[in-house]
Every structure is written in structure tokens, then in C-alpha cells.
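A.B. asks: Turn this into a structure:
(chains A and B)
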Number of protein chains: 2
Amino acid sequence: MTGDAEGARLDAAQVTALIEGVLTHAGSVPAQAADVARALTGASLRGVDSHGLRLLPHYTRALAGGRINPDPRAVIRQTAPATATCDADNGFGHWAGYLAVTRACALARQTGVAAISVTNSSHFGAAGAYVLQAAEAGLVAFAFSNSDSFVLPHDGTQPFHGTNPIAFAAPVAGARPYLLDMATSILPWNRIRDYETKGLTVPPDVAVDAQGQVATDPRAVAALLPFGGSAYGYKGAGLAGMIEVMSAVTTGMAHCSRLLHMAGSDMSTPRRLGQCYIVLNPDVFVPRADFTRGMADYLADLRAAPARDGRRVMAPGDREWAVEAERSRRGIPVNPGLMAELRGLAEAAGLEPL
Amino acid sequence: MTGDAEGARLDAAQVTALIEGVLTHAGSVPAQAADVARALTGASLRGVDSHGLRLLPHYTRALAGGRINPDPRAVIRQTAPATATCDADNGFGHWAGYLAVTRACALARQTGVAAISVTNSSHFGAAGAYVLQAAEAGLVAFAFSNSDSFVLPHDGTQPFHGTNPIAFAAPVAGARPYLLDMATSILPWNRIRDYETKGLTVPPDVAVDAQGQVATDPRAVAALLPFGGSAYGYKGAGLAGMIEVMSAVTTGMAHCSRLLHMAGSDMSTPRRLGQCYIVLNPDVFVPRADFTRGMADYLADLRAAPARDGRRVMAPGDREWAVEAERSRRGIPVNPGLMAELRGLAEAAGLEPL
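C.D. replies: Residues are numbered from 1 along each chain as shown, chains lettered A, B, ... in the order given. Predicted coordinates for the structure are as follows:
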């Protein structure tokens, strides 16, 4: 652990070891714990703190309570030449996600495009983790997953959809992949809690109170508006619905409003979430050299686009890869509250003190 | 033609015959003209007027000028068990879109999922038309296409991405499909022209002037903001980029900022646009009865969600299918300016006067 003006930092190897140690102590088989560690450490490195190390205390409770199966047996079944299903046996969603995308990549190499659904999964962290694996292997990939209700439907007053993320990645020669990983709410739920902690007001047209009225006091916020806000939220809600169809209806799992709450008190009942991946091999459409040059030209033109004063135009992932470079060097910042929790978990697991 | 307080209306059969007659007179082979008529009439019926009948004068000019090949020979090549490419030989994008999605549907029935890229295409109208064909055949489909520069990148000051649409459709038993068809700009370009015609101001944070400053005077508007506006446009721009990768880079076609302008004066050079479709057969993931019930349950819960005063929560497509029912009965409204143009085209083509 190193300290600086912004607070304590843990290096990536420490974070990985901590997650693996805590989860295996809580009963998980090592392979699963390693996949959770890989997904969470990766998210923390990229600056996606909402889906990084901060989730470890929650996952430890979910494992201890029985919501998550400590020793799951995945059943992957190929259902057609280019498709498969993966029953995750209520194990960690991260482990199921990597398993599924690995299979989808192997299939896509044979069939050009492949799709895999995941059933009986749990929370999988940041959707970007899984498409990233595909892009690092030279493939193009989409990930879809739903969540419990946090977000109003357009013109609605009560939460219905989850923050339903879509992630997309494509390989870039000689650089980290093109990586889009976005919730279909305007902001993530965790950002509201962050405003509260810091005593800030929530920007207008982002969130609503329990009556469905736009709220700027973070303490009054009961739900999020869909991406697009009050006026154009039909697009954000439509994207959330597309993701619901892909990750719930097509997988045979329950949709958003029928899911157990992630942060609910029931830590013993599996949540039975769905995931869905589509992986494409660009080589079946264009020679690799053309794809590589096309990505490079597109990104060069985008980044060279004239920008507002003091800004520059960035591609999805540019900010994340810059943060990853910095955090790989300087460590992952951990706020004092989380650090105290992590110290407790490390001690309970008999690990070296942080 | 029937007239009412809101102006003249043409029934769908008249519109179809008009489009086919005008385009075949302008040199198109009948099969192509029929596909354009099907796509445009469908869009007009669903209320997507920006991508309906109003495009006929433009397409006629593009055909006359040589931008669009009047008698194209498509080359469809299967490139892997689940993928194909379709060279559209610079024909109409609508004809190429239906051809491509038809092949993708046939492939998906064998392989579970299929993807097809379209090269050397032209403008294809509303992306929803093609995914709709798949959903009507019981399949789930995505469509991606880019366009010439209309939309700022996030933090940019000059147009870069096109309005880059994504469309998604899924079958609903006993009803019209679930249909999402959205541009990744906040509003379509045509809406700005509509504000101008009506002497209205553009809503804030939707469009910018030539200097990249937010503009509300429609006459000053030079470009659109990405979906999400000044603050959250990184998501809309990210989606536009995802669509760019799928429809340009993966197909080997040029990206947004390197495309000839649709409305430019060069009507003789083919624009060489790309399209991409992914089609999935839900039967390879869940029994059809489960999929059907899942769609019905999701849509019933969504539509029953509590709504703001005087509104109701709708699913993507609900508004379009209601308009389709009304316009199938009462005809497609045509504004006086367009009607005058259409009368001229009909007369030039030797068709019955409108």
C-alpha cells in the first residue's frame, strides 16, 4: 500500500491477491475467485470504480449467504453450429462471462459469428471485461446484461428497467482495443451515492424522487432517468428494452422488474440473471489488413476532430486506457471507508494485513 | 387522394404504385423499384416520414444522375458457415438490405445466428424495415448503417459521425414486432428543417451552429449534438462509433467523415455505403413457448408501469404500429410542397395524375 495526497493506493497484484484470498476463504473454488479478481481488478485499473474492487464486500456477503454457488458446475451446450448456451449453476457472473465469451470466440473462429446465452448467472461486474477478452483475441464482440429495477421507463414514474449495460469492443492494431461499456441510464446508480457523500447536488434531468419528479438532492433520489432524460428518454429506454430482450427473454431468465434486488437483504436466493454475447470474426468480411487500416483511419480522424476549448475528442476507451496506464504505475486508489472494509475482510481471511 | 383538415392523404397502394412507377420510369429494374417502394411505404405508414415517401424525389435524382445503379447485379458470397457478404453493385440500399436480411434469416435458421455485411450500397431509408422482415419471420435482428457527417463527436465543434442508426426487432406472438429504430443523434436532421418550416425554435442542447455553439434558431443550425447532449454525449457518440465499426470498418467501406454527402450536388458518383445485419433464431436458446411468454410478460409489465400525468408508458414500436393502423385506414398524409413534387414526378413518368 502506498499513500499520497488523494488517499491510499493498492497495486494491481495486491488487489488481485486480496480478492482471490477473500473469496476462496469465503468458500469459492479458486478458479471462480480468480475470474472475479481478474474482472474487478481490470475494472478498477480502467477507472471503472463502481464495478471494481468496491464490490468485493458485497460479493463476499453474497457468497457467504448462499446467493452465489461457491463450487458451480457450468453446463455449456452447443445448440446449433454457431450458438451455445451456458448454464452458470448460480456461480459468479464473472466466471460465467469469461467461460461464455471464450466459447463464443472459439465458435466464431469456425463459423464467422457466434452467440452464446448465459443462464442462472449472478452479477458480472463491468460488461466491458468480456468483450475486451474477445477484442484482445482479434475479434469484435457485443455483451448484454440486465439488472434489477433502477431506471424509469420513458414517461414512467417508478423504476422498471435496470441500468442494463451494453458493451462493445473491437481490436486496434498496436494499441488497446476500442471499448464502449455503457449503462442505459444517464449515470450509474453509484454516482448518485457519490454526490451524496461529497455533499453535491445531482445535475438536473438525471434522477427522480419517490414520486417520479426530477430530483437534484441526492438524498431524495429514488430512481434514475433513462439515457436521454425527460425529453428523449424513449431512446435510452428503447436500448434498455433491446438489452432486456437479449439478456432476459432470449435466455429464458426473468426481466428487470421481476428480479431480486442486488442490494436486497435476501443473500441466500440465487438471482438467476442472464447474459448474452455475440462475437464476430472480422476476417470473414474483409482482409485483416483492411480492417486494421479502417480502425486506425477512423480513430485517427475522430481524435483529430476539432474540439471545444480545453477539451479533446476521444474515442470510447481512451480515458480508460489512460487511467489504466496511470494506475498500473501508481496503484488503484481506495477511499478510507472501503479500505477499512477491505482490512476487515483480509484479517478475517487470515491474509497479510493491507 | 383524399383531403382532410390536415392536408391531402394518399393510400398505401397509391404510394407503392407511385414509387414503383416513378423509379422504373427513371430506369430502375422493377425488382429494385418494388423494394424501394416497400421500404418507403412501410416507413410512411409507421409515421417515419423523414424516411418515407418524401425521399422519392431525392432517389429519382440519384438514379437519373447515375449515383445509383438502375440494374445492379448483387454478389452474395458465403464466407463462413454463419456469415456472408453482399456486394450491392451500387444499387438501391433498400433492395440490398432486403436481399441481405433474407439471406441472413436463412442462414440463422441453420446456424442459430448469422451475420451479413453489405458493401457498395446506397442510402437504405429506415433501418427498421430490414429487422422487421426478420422479426415477422420469427427471428431477432440487429441492423447497423452509417451516414455522412451530421453529428458532432462528444466535445467536438464540427460534424463527424452520421446520424448512424441502430435498429432492433423481435417477434411478439399475435401482435406486430417489438421494433426499435433510432438515430444516435438526439433528433433526426429532418426535424430541424421541420422547426424552420414551422417557425419554431429548436429545443436547447440538441443542435449547434457553424462554430459548434449550441443553437436554437433552426436557420443557424449547422450540425446535431450526439444523443446525450453536451453533458452526456459521450454515450451517443460511443454508440455512433460502434455502428461505424460495424457498418464501415467491418464491411471495408469508408467511415462517416470520408463519405460523399447524401444531399451533395454530385449525383453521379456512387456513395459506397456499408450495412451490417445480425440475425438470431431464439429457438436455439429457449423453447419458443418460453420466448413468446417472456416477450409478452416483459411488454405487459412495461406497458402497465405507472406513468406521468396524461402519458402512458409505451414500448418501442407502439407509437409506430398505432400510426400504421390509422394510416392504413385513412391514408398517408402528404404536405403541399411534397405533393407538388410528386405530381411533377408522376406526370413526367406518364402515370395517372395524383
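A.B. asks: make it CA atoms for all contacts and neighbour counts henceforth
C.D. replies: Noted.
A.B. asks: doesn't residue A:277 make contact with residue A:113?
C.D. replies: No - in this structure, residue A:113 is not within contact of residue A:277 by CA atoms under 8 Å, at 10.5 Å.
A.B. asks: Between these two, tell me which one has more neighbours.
C.D. replies: residue A:113 (33 against 26; other CA atoms under 10 Å in any protein chain shown).
A.B. asks: Could you give the number of residues near the residue of the stretch 251-354 of chain A found nearest chain B?
C.D. replies: Proximity of the stretch 251-354 of chain A to chain B (CA to the nearest CA) peaks at residue A:307, 4.1 Å away. Around residue A:307 there are 19 other residues, counting by other CA under 10 Å.
A.B. asks: How about the contacts made by the residue lying closest to it once chain neighbours are set aside?
C.D. replies: Take residue A:307 and drop its neighbours on the chain: the residue closest to it by CA to CA, 6 or more residues apart in numbering or on different chains is residue B:156, 4.1 Å away. Applying CA atoms under 8 Å, 6 or more residues apart in numbering or on different chains to residue B:156 gives the contacts A:305-308, A:312-313, B:212.
A.B. asks: and the residue of the stretch 251-354 of chain A closest to chain B, how far is that from residue A:335?
C.D. replies: Applying CA to CA, to the nearest Å, the value for residue A:307 to residue A:335 is 33 Å.
A.B. asks: Quote the end-to-end distance of stretch A:163-174.
C.D. replies: 33 Å.
A.B. asks: With chain B in mind, check whether that stretch reaches it.
C.D. replies: Yes - Stretch A:163-174 reaches chain B (CA under 8 Å from any CA of the partner chain) through A:168, A:170.
A.B. asks: what does the stretch 101-250 of chain A put close to chain B?
C.D. replies: So the stretch 101-250 of chain A meets chain B at A:110-115, A:117, A:153-158, A:160, A:168, A:170, A:180, A:182, A:186, A:212, A:227-228, A:232, A:234-235, A:238-239, A:242, A:245, A:248-250 (CA under 8 Å from any CA).
A.B. asks: Just the residues you listed: which are in strands?
C.D. replies: Among those, the ones falling in strands (DSSP state E) are A:113-115, A:117, A:168, A:170, A:180, A:182.
A.B. asks: Dump stretch A:201-217 to PDB, keeping only the CA atoms.
C.D. replies: Provided in PDB are the C-alpha atoms of stretch A:201-217 (Å, rounded to 0.1, in the frame of the first residue of the first chain):
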ATOM      1  CA  THR A 201     -26.300  18.200  -6.000                       C
ATOM      2  CA  VAL A 202     -27.300  15.900  -8.800                       C
ATOM      3  CA  PRO A 203     -27.300  17.500 -12.200                       C
ATOM      4  CA  PRO A 204     -30.800  18.300 -13.500                       C
ATOM      5  CA  ASP A 205     -32.800  15.700 -15.500                       C
ATOM      6  CA  VAL A 206     -30.700  12.800 -14.300                       C
ATOM      7  CA  ALA A 207     -32.700  11.300 -11.400                       C
ATOM      8  CA  VAL A 208     -36.100  11.400  -9.700                       C
ATOM      9  CA  ASP A 209     -37.600  11.100  -6.200                       C
ATOM     10  CA  ALA A 210     -40.000   8.500  -5.000                       C
ATOM     11  CA  GLN A 211     -42.900  10.300  -6.800                       C
ATOM     12  CA  GLY A 212     -41.100  10.300 -10.100                       C
ATOM     13  CA  GLN A 213     -40.300  14.000 -10.000                       C
ATOM     14  CA  VAL A 214     -36.900  15.200 -11.200                       C
ATOM     15  CA  ALA A 215     -34.700  15.500  -8.000                       C
ATOM     16  CA  THR A 216     -31.400  17.200  -7.500                       C
ATOM     17  CA  ASP A 217     -30.900  16.400  -3.800                       C
END
